[in-house]
Each structure stands twice: as structure tokens, then as C-alpha cells.
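1. quick check, what structure comes out for this input:
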Amino acid sequence: MSGNVLRSAFIALSHNRPLRRFSENSRIGRRMSGRFIAGTSVPEALQAAEALNRENISVSLDSLGENVYTEQEARKSAQIYHELLDAIAQRGLRANVSLKLTQMGMDIDPDLAPRITTEVVDHAAATDNFVRIDMEGTPYTQATVDMTRAIHNSPGCAGHVGTVMQAYLYRCEEDIRTLLADGIRIRLCKGAYQEPPSLAFPAKNDVDANYIKLMKILLTSGVYHGMATHDEAIIHATKRFVEEQRIDKKSFEFQMLYGVRRDLQHSLVKEGYNMRVYIPFGTEWYPYFMRRLAERPANVLFVAKNILR
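-> Numbers count the residues shown, from 1 in each chain. You can find the predicted model right below:
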């Protein structure tokens with residue numbers, strides 16, 4: 001099965017509600033997801049954060065969940081982030097938080113998500129922390145860019161909120177230049193959703209080339225950004241560019257996912273680069289897990305080996 005077919009299959013499975021219900025409520029499902037999900041509770045996520053901090057790795061904590069349907073659900077999602085921000089401050093962790101706007105009520109009321117998200121960013125500012133607004137599928141791209149800019153420009157929020165740009169989208173460079181004009185921190189990734197060729201580069205080589213182009217824009221912007229990739233070719237290209245341009249290794253960070261390429265994470269730390277690991281946790285882990293399998297076929301083999309042990 002080709003990589004593109006496999007990717008499409010897992011993306012389709014990420015929307016399968018019966019399989020999601022079974023997986024999230026079964027022992028075998030939790031066992032399958034254990035490599036990539038740091039448990040289902042806040043204490044488990046904090047424990048994972050502490051372990052990575054001891055390895056000189058920073059973290060971003062993400063309470064998994066998408067597309068809530070009531071204001072009560074949105075506020076419940078936000079409350080977890082308030083708890084995380086307090087716990088990070090109390091424990092002195094090198095950690096920030098990542099959230100999705102659909103968790104904060106974007107699909108319910110156009111005014112709800114900005115209110116709830118701004119409250120979380122205000123809390124982050126009060127504790128000298130940072131909120132990353134994750135990027136979702138293209139129906140949310142423009143709203144995410146607009147909301148990130150609006151919150152960043154709110155009193156006291158500048159420097160405490162940023163977002164994610166997906167290099168496989170044609171519009172990505174224009175969005176990056178818009179965000180950089182406001183001095184907004186960006187996490188650059190390749191992209192994890194199934195998008196049509198009218199909106200996104202269908203070929204991996206084109207995505208990779210665009211990523212490298214955008215990386216160079218970000219690393220010479222004077223703003224602290226995250227290069228989110230496990231692709232060794234792109235990491236090597238980034239390191240070469242940093243050396244050629246005499247860019248301070250501490251002026252940006254590499255970012256990777258929990259449970260993926262731990263060897264590479266440690267190698268980059270030893271070389272003097274900043275490293276941040278994205279730690280997802282929670283009971284609603286199934287869509288995230290399926291997107292991780294879609295991104296990298298090697299992940300499928302790893303999960304299969306674990307199940308057969």
C-alpha cells in the first residue's frame with residue numbers, strides 16, 4: 001500500500017465514530033495509543049512533563065478534544081488549561097500549553113471561542129507563560145489566523161499567544177508574513193489533515209521544499225519560533241542554514257511529538273539546540289492518534305509490535 005493511500009485510509013478512520021467509541025473505551029485501544037498519548041489525566045501529563053524536563057527538554061501540554069457542542073463543554077475544556085497553567089507555575093516546569101479553537105466553542109458561537117481563549121491567554125500572561133493555538137483543517141484556517149492576531153493585540157497578551165502554520169498549504173507563506181508583521185510566534189509543521197490539491201501541495205517533495213523556504217523566513221525574522229518536524233533531511237537543512245547565517249541556536253527551538261524519534265530529540269539537545277516535545281493527554285485521543293499513524297507509516301509498525309508482545 002502506497003504512503004498516500006495509507007495516509008488517506010487513516011485520515012478517513014480518524015472520522016469513524018463507532019471505531020472511535022470502541023477504541024477510547026477499550027483496553028486494547030488504550031494500549032495501542034500509549035506510545036503517543038501521555039495518559040488520560042492532568043497528573044499523568046504533568047508527570048510526563050517533569051520527566052522530559054529532567055532530560056533538558058521543554059514541553060507543550062495539549063488536552064485532547066475537538067468540536068465541542070455546548071458552552072458548558074467549552075468551559076470545561078478551558079478549565080483544564082487553567083489547571084495546567086497553575087500547576088506549571090507551582091511546579092516550576094519548563095512548559096506551555098496548546099489548545100484547539102474548536103475545543104473553546106468556535107463551532108457554537110463566533111463570540112464564545114475568543115472570550116474563552118482570551119481568558120486562558122490572560123492567565124498565561126499572569127503566570128509568564130504562553131498559549132499555542134493549534135491549527136486545524138482549512139475550514140478554520142482564516143478564523144484561527146484572525147483570532148490569534150486579535151488576542152495577541154489585546155492588552156497584556158502580546159508575546160503570550162502564537163499559532164501553527166502548515167507548510168503543505170499554498171496560503172502558508174502569506175499567512176506567515178501577516179503573523180510576523182505582528183511579531184507572533186509560529187510553530188511550523190508540514191500539516192496533518194487531508195486537504196484537496198486545490199488548497200495544498202499533494203506531493204511530499206513540494207511540501208518539503210516549501211517547509212525549508214518558510215523555515216528560512218522564520219529563522220531570520222527576529223521572533224522565537226518552533227520548527228516542528230521529525231524529518232531528518234529538513235532538520236539537517238535547518239542546521240546548515242543556521243550555521244551559514246550564524247543564527248544563534250537558542251533563538252528558536254525544534255519541536256517533536258511525544259513518543260516519536262526520542263533518539264533524535266536527545267541528539268539535538270546534546271548539540272545545543274532547544275527542544276520542545278508536544279505532550280497530548282486525555283480520554284478523547286482517537287482522532288489525534290489516527291493522524292499520527294497517517295503521518296508516518298513506521299508508527300503503524302511500532303504499534304503492531306506492541307500489540308503482539
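2. quick one: end-to-end distance for stretch 50-60.
-> 12 Å (C-alpha to C-alpha, to the nearest Å).
3. in that stretch, what's buried?
-> Neighbour-count burial for stretch 50-60 flags 52-53, 57-60 (criterion: 16 or more other C-beta atoms under 10 Å). The C-beta positions use only the backbone N, C-alpha and C, and glycine is treated the same way.
4. and these, which two are the farthest apart?
-> Across the buried residues of stretch 50-60, no pair lies farther apart than Asn53 and Ser60, at 12.3 Å, counting by C-beta to C-beta.
5. now do the shared contacts for those two.
-> The contact sets of Asn53 and Ser60 overlap at Ala95 (C-beta atoms under 8 Å, 6 or more residues apart in numbering).
6. tell me which of the buried residues of stretch 50-60 is nearest to His236?
-> For the buried residues of stretch 50-60, the nearest to His236 is Ile57 (20.1 Å; C-beta to C-beta).
7. related to what we said a few turns ago, out of the buried residues of stretch 50-60, which is nearest to Thr220?
-> When the buried residues of stretch 50-60 are ranked by distance to Thr220 (C-beta to C-beta), Ser58 comes first, at 22.6 Å.
8. about what we covered before: would you convert the buried residues of stretch 50-60 into a markdown table that also reports secondary structure?
-> Shown next, in a markdown table, are these (DSSP: H, G, I helix; E, B strand; the rest coil):
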| residue | secondary structure |
| --- | --- |
| Leu52 | helix |
| Asn53 | helix |
| Ile57 | coil |
| Ser58 | strand |
| Val59 | strand |
| Ser60 | strand |
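9. ok, those residues vs Ala233, which is closest?
-> The closest of the buried residues of stretch 50-60 to Ala233 turns out to be Ile57 (C-beta to C-beta; 22.3 Å).
10. quick check, the closest one in contact with Gln265.
-> Yes - with contacts counted by C-beta atoms under 8 Å, Ile57 reaches Gln265, the gap being 6.3 Å.
11. and the residue lying closest to Arg177 once chain neighbours are set aside, what pLDDT?
-> Among residues not flanking Arg177 along the chain, Ile217 sits closest, at 7.6 Å (C-beta to C-beta, 6 or more residues apart in numbering). Here the pLDDT value assigned to Ile217 is 98.
12. for Ile217, give me its contacts.
-> Counting by C-beta under 8 Å, 6+ apart, Ile217 has contacts 173, 176-177, 180.
13. just the buried ones from those?
-> Judged by 16+ other C-beta under 10 Å, buried ones among the contacts of Ile217: 176, 180.
14. can I get the contacts of Ile217 in a markdown table with pLDDT and distance to Gly92?
-> Shown next, in a markdown table, are those (pLDDT from 0 to 100; distance: C-beta to C-beta, whole Å):
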| residue | pLDDT | distance to Gly92 |
| --- | --- | --- |
| Glu173 | 98 | 38 |
| Ile176 | 98 | 33 |
| Arg177 | 98 | 36 |
| Leu180 | 98 | 31 |
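15. among the contacts of Ile217, which are in strands?
-> Nothing among the contacts of Ile217 maps onto strands, per DSSP state E.
16. from the contacts of Ile217, which is closest to Ile108?
-> The closest of these, once distances to Ile108 are taken by C-beta to C-beta, is Ile176, at 29.0 Å.
17. any idea what the nearest residue to the closest one once chain neighbours are set aside is bridged to?
-> Distances taken as C-beta to C-beta, 6+ apart place Met165 nearest to Ile176, at 5.4 Å, with adjacent residues excluded. Bridge pairing for Met165 (DSSP bridges) gives the partners Leu188.
18. for this structure, which segments count as helices?
-> Along the chain, counting by DSSP state H, helices occupy 3-13, 17-24, 27-33, 42-54, 71-91, 112-126, 141-152, 172-181, 204-219, 232-244, 262-270, 286-295, 297-308.
19. what residues sit buried inside the fifth one?
-> With burial defined by 16+ other C-beta under 10 Å, the residues of helix 71-91 counted as buried are 73-75, 77-78, 80-81, 84-85, 87-89.
20. please apply the same query to stretch 244-258.
-> For stretch 244-258, using 16+ other C-beta under 10 Å, the buried residues are 252-258.
21. quick one: end-to-end distance for it.
-> 30 Å.
22. where does the stretch 201-309 of the chain have low pLDDT?
-> Applying pLDDT under 70 to the stretch 201-309 of the chain flags residues 284-309.
23. state which strand of this structure is the longest.
-> strand 274-281.
24. which residues touch stretch 65-83?
-> Stretch 65-83 is contacted by residues 42, 63, 97, 99-100, 102-105, 107-109, 112-113, 116-117, 119-120, 123, 131, 136, 282, 284, 287 when judged by C-beta under 8 Å, 6+ apart.
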